[in-house]
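> Attaching a predicted model along with its sequence, questions to come.
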Amino acid sequence: MQAKKKNLHINADYKSKFGFNVDAKYAFKSKKGLSEEVVRQISAMKHEPEWMLDFRLKAYETFKQKPTPTWGGDLSKINYDDIYYFVKPTDREERNWEDVPVEMKNTFDRLGIPEAERKHLAGVKAQFDSTVIYSSLMAELEEQGIIFLSTDEALQKHPEFFTQYFGKIIPPADNKFAALNSAVWSGGSFVYIPKGVKVKRPLQAYFRINAMNMGQFERTLIIADEGSEAHYTEGCTSPVYTEDSLHAAVVEVIVKKGARFRYTTIQNWSGDVYNLVTKRARVEEDAVMEWVDGNLGSRLTMKYPSCFLVGNGAHGEVLSIAYGGEGQHQDAGGKMIHIAPNTSSQIVSKSISANGGRTSYRGMIAVTPLAANAKSRVECDALILDSASASDTFPVMRIDNSSANIEHEATVSKIGEEKLFYLMSRGLTEAEAMSLIVSGFIEPVVRQLPLEYAVELNRLIELEMEGSVG
Amino acid sequence: MLEIKNLWVTIDDKPILQGLALKIGNGETHALMGPNGSGKSTLAQTLMGHPNYTVTKGKVVFDGQDLLKLESDQRAHVGVFLSFQYPSEIPGVTIASFLRMVYNKKNGQTMSPIKFREVLKEKMEMLNMDEDFMHRYLNDGFSGGEKKRMEILQMLVLEPKLAILDETDSGLDVDALKLVAKAVNFLKEKNNMSVLLITHYSRVLKNIAVDKVRVMKAGKIVQEGGKDLAEELEERGYAGEKEELTH
């Protein structure tokens, strides 16, 4: 009759499940470590304009000068000399589908990942051409004047957008990892939504299939022109295997007057990855920007999507889910900078920590003297599944205008024995009861996800609880 | 169908039940009364398998099985149901999806949400619950009365062999009490359900017929009788309490 202490091991067996090693063959791989020579080599390989090389070189200098942050997570173990900064994406390693562990295949099965995408996620060079599969979708986008390309390709084809916007929202000097990305970036997406164009379907499937092609330093630039509406999604809920231990991306979004843009990310990197991503949007008059950010994998994630609310009536939102399991630290949150009058913002953060994992909410609300009548609401809820796990909250508020209306709510809860007992008394197993409580906890965020993501995420939770309890 | 023999239960090493024994036959309804702290709820929670209650001695046989050997979810599967005095709130989980999960598990099937909705609607009507209620989160922000009704709705979905009602009647108005009684009587008639009715008030016995009334004190049954005993107790109070008052 005594309570049994059962350990939850969510993603704990990641290494045995997914950490397979296969001899890789590369056609081109830069030398390990970073130097001016490597930066020049990357730019030359891509036949970039002179100004981009300058931009990279300056960023490299900035990277060298900036100290590694000592706040947030523990970054002291990153060895910058032990990283390949450029691998030509088309020459990524080849791995046979037969070599993919059966557990990983089963996970794909259980998650219902389409056949074609499984191979990509498993790091297998698949025999298909995504442009064929998605050609009808791409044609539909082109008809509306939407540009949706890899950032490298877009730089060649549409340099005008780059001279105007690239590195303007997040300058290389913003932080050490933005500087690193600026120096060695490769891959990522470029999206342009023309004035007044409303894209109903999320720009999602196409990118997802290309998820494995993106490098560890991808760079994304998105411009939603006046009055446009679109939803962009990247990543997926199934585990993504990578050899690279550092992922430092930069995402810049410009939401013009009256436009509405949503950016959804779910990351499930393997457990040895440092995921250090800078995401920022410039939100103009009456425009709306929403970041939906899910962090399930990685060793350490430091990511605080932010909105600069620069136009009258601009609105920004961050919805964040973080899951910190064994050996993981998710340091996530959001930043809202109110610069213009009548701007409003909301940050909702839901974090779950289990089996010694740690989650931190780190957020900032700033209201400048010019931003009259600003409104902001922050809600951060933490769920802690066992006594070995932890959660912290680091909210910062800088309010320089007395007309501001700021709300902050924070809750921390544990999955109590009472709740488990209550649900088990109705015939649910402990694992079922646990996953029901967890899925209920994150429901307000999951509701905002595209349906198949929501379904996948819920299945993933069920799967993890099943494999870890009892 | 339920036989409790010499049951001793502690919580945090504090003895609560001290040699409790009782027997409930198929289709019988027994009321259990007694002062606060006498161990009524402890008995209810122990029968359902609450992890904080430790059985140090005794036996509970349910339908020929050793109930104490089963986990809480298995107890539910063999047909034991507890209507909680203080049900937990589960935010983010709708009543419809939760009850469908519970129903499908119980019946070993996978009824579609659309079909289950019809099943649930019928049961909600019996309790005079609005259909929209099924889209609310389980017990989240419910009033005391709503929670009680929600417990009974779960009983209707699970159709147990034995329902333990832990002060389900407390805090209900007359109309709500009648609805609860209607649901209990419905299952009694339909499935010959047995009931262990834990209560402080005799008024519920006007709506649910009882075969026996027992009085608990200090973790034991101290008195047994018919329906009259309940009324008598309500008028006079419990013998023990009176004694204490005179001190």
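Done, it's in. Residues are numbered from 1 along each chain as shown, chains lettered A, B, ... in the order given.

> Please list the residues of chain A that sit near chain B.
Residues of chain A that fall close to chain B, judged by CB under 8 Å from any CB of the partner chain: A:1-4, A:416-419, A:421-430, A:432, A:436-437, A:439-444. Backbone N, C-alpha and C define where each C-beta goes, glycine included.

> try it again with 6 Å
A:1, A:3, A:417-419, A:421-422, A:424-429, A:436, A:440-441, A:443 (CB under 6 Å from any CB of the partner chain).

> what about burial for those residues, which qualify?
Among the residues of chain A next to chain B, those scoring as buried are A:419, A:421-422, A:424-429, A:436, A:440-441, A:443 (criterion: 16 or more other CB atoms under 10 Å in any protein chain shown).

> So which of the residues of chain A next to chain B sit within helices?
Judged by DSSP state H, the subset of the residues of chain A next to chain B located in helices is A:417, A:418, A:419, A:421, A:422, A:424, A:436, A:440, A:441, A:443.

> Which one among the residues you listed sits at the bottom for pLDDT?
Confidence by pLDDT is poorest for residue A:417 among those, given 85.

> Could you find the closest non-adjacent residue to whichever residue of the stretch 301-450 of chain A sits closest to chain B?
At 2.9 Å from chain B, residue A:440 is the closest residue in the stretch 301-450 of chain A, using CB to the nearest CB. Residue nearest to residue A:440 in three dimensions, not counting chain neighbours: residue B:92, with 2.9 Å by CB to CB, 6 or more residues apart in numbering or on different chains.

> now do residue B:221
residue B:214 (5.1 Å).

> how about stretch A:179-197: buried residues?
Applying 16+ other CB under 10 Å to stretch A:179-197 flags A:179-193, A:197 as buried.

> Need the contact partners of it.
A:39, A:42, A:56, A:59-60, A:62-63, A:66, A:85, A:144-149, A:151, A:154, A:172, A:214-215, A:217-228, A:230, A:248, A:250 (CB atoms under 6 Å, 6 or more residues apart in numbering or on different chains).

> Which ones among those lie within helices?
Those of these lying in helices (DSSP H): A:39, A:42, A:56, A:59, A:60, A:62, A:63, A:151, A:154.

> what ranges of the stretch 1-150 of chain A fall below the confidence cut-off?
Counting by pLDDT under 70, the stretch 1-150 of chain A shows low-confidence ranges at A:1-30, A:87-137.

> rerun that using 80 as the cut-off
A:1-31, A:84, A:86-140 (pLDDT under 80).

> ok, now which ones touch whatever residue of chain B ends up closest to chain A?
Nearest residue of chain B to chain A, counting by CB to the nearest CB: residue B:92, 2.9 Å away. By CB under 6 Å, 6+ apart, residue B:92 lies in contact with A:440, A:441, A:443, B:137.

> Which residue is the nearest non-sequential neighbour of the last one?
Spelled out, it's residue B:137. residue B:91 (5.1 Å).

> State the pLDDT value of that neighbour.
So, for residue B:91, pLDDT stands at 92.

> Tell me the secondary structure of the residue nearest the centre of chain A, please.
Centroid check for chain A by CA atoms, centre = their mean gives residue A:265 as the closest residue, at 4.4 Å. When classified by DSSP: H, G, I helix; E, B strand; the rest coil, residue A:265 comes out as strand.

> partners of it in the sheet?
Beta bridges link residue A:265 to residue A:234, residue A:293, judged by DSSP bridges.

> That one and residue A:247 touch, don't they?
No - in this structure, residue A:265 is not within contact of residue A:247 by CB atoms under 6 Å, at 11.9 Å.

> Low-confidence ranges, the stretch 301-450 of chain A, go.
A:416, A:449-450.

> can you give me the strands for it?
A:306-309, A:315-324, A:329-338, A:344-353, A:358-367, A:375-384, A:390-399, A:405-414 (DSSP state E, counting those that start in this stretch).

> possible to save those strands as TSV with mean neighbour count?
As requested, these are exported to TSV (neighbours: other CB atoms under 10 Å in any protein chain shown):
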stretch	mean neighbour count
strand A:306-309	28
strand A:315-324	26
strand A:329-338	26
strand A:344-353	25
strand A:358-367	24
strand A:375-384	21
strand A:390-399	15
strand A:405-414	13
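
> one step back: correct me if wrong: the residue nearest to residue B:137 contacts residue B:139.
No - with contact defined as CB under 6 Å, residue B:91 does not count as touching residue B:139 (8.9 Å).

> returning to that earlier point: from the contacts of stretch A:179-197, which land in strands?
Judged by DSSP state E, the contacts of stretch A:179-197 include A:147, A:148, A:149, A:219, A:220, A:221, A:222, A:223, A:224, A:230, A:250 as members of strands.

> how about those in CSV, adding neighbour count?
Output for these, formatted as CSV (neighbours: other CB under 10 Å):
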residue, neighbour count
A:147, 17
A:148, 21
A:149, 15
A:219, 26
A:220, 23
A:221, 25
A:222, 23
A:223, 22
A:224, 31
A:230, 24
A:250, 28
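
> Just the CA atoms of the longest helix anywhere in chain B, as CSV, please.
Counting by DSSP H, the longest helix found in chain B is helix B:174-191. The C-alpha coordinates for helix B:174-191 follow below in CSV (Å, rounded to 0.1, in the frame of the first residue of the first chain):
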residue,chain,number,x,y,z
VAL,B,174,-32.5,19.2,-1.8
ASP,B,175,-32.8,19.1,-5.6
ALA,B,176,-29.2,18.1,-6.2
LEU,B,177,-29.5,15.5,-3.5
LYS,B,178,-32.5,14.0,-5.3
LEU,B,179,-30.6,13.8,-8.6
VAL,B,180,-27.7,12.1,-6.9
ALA,B,181,-30.1,9.6,-5.3
LYS,B,182,-31.8,9.0,-8.6
ALA,B,183,-28.5,8.1,-10.2
VAL,B,184,-27.5,5.8,-7.3
ASN,B,185,-31.0,4.1,-7.4
PHE,B,186,-30.7,3.7,-11.1
LEU,B,187,-27.5,1.7,-10.9
LYS,B,188,-28.9,-0.2,-7.9
GLU,B,189,-31.8,-1.3,-10.0
LYS,B,190,-29.9,-1.8,-13.2
ASN,B,191,-26.9,-3.7,-12.0
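
> quick one on the thing from earlier: check which helices and strands the helix or strand harbouring the residue nearest to residue B:221 is in contact with.
Here residue B:214 sits within strand B:212-217, counting by DSSP states H and E. Judged by 3 or more CB pairs under 6 Å, 6 or more residues apart in numbering or on different chains; DSSP states H and E, the packing partners of strand B:212-217 are strand B:29-33, strand B:220-225.
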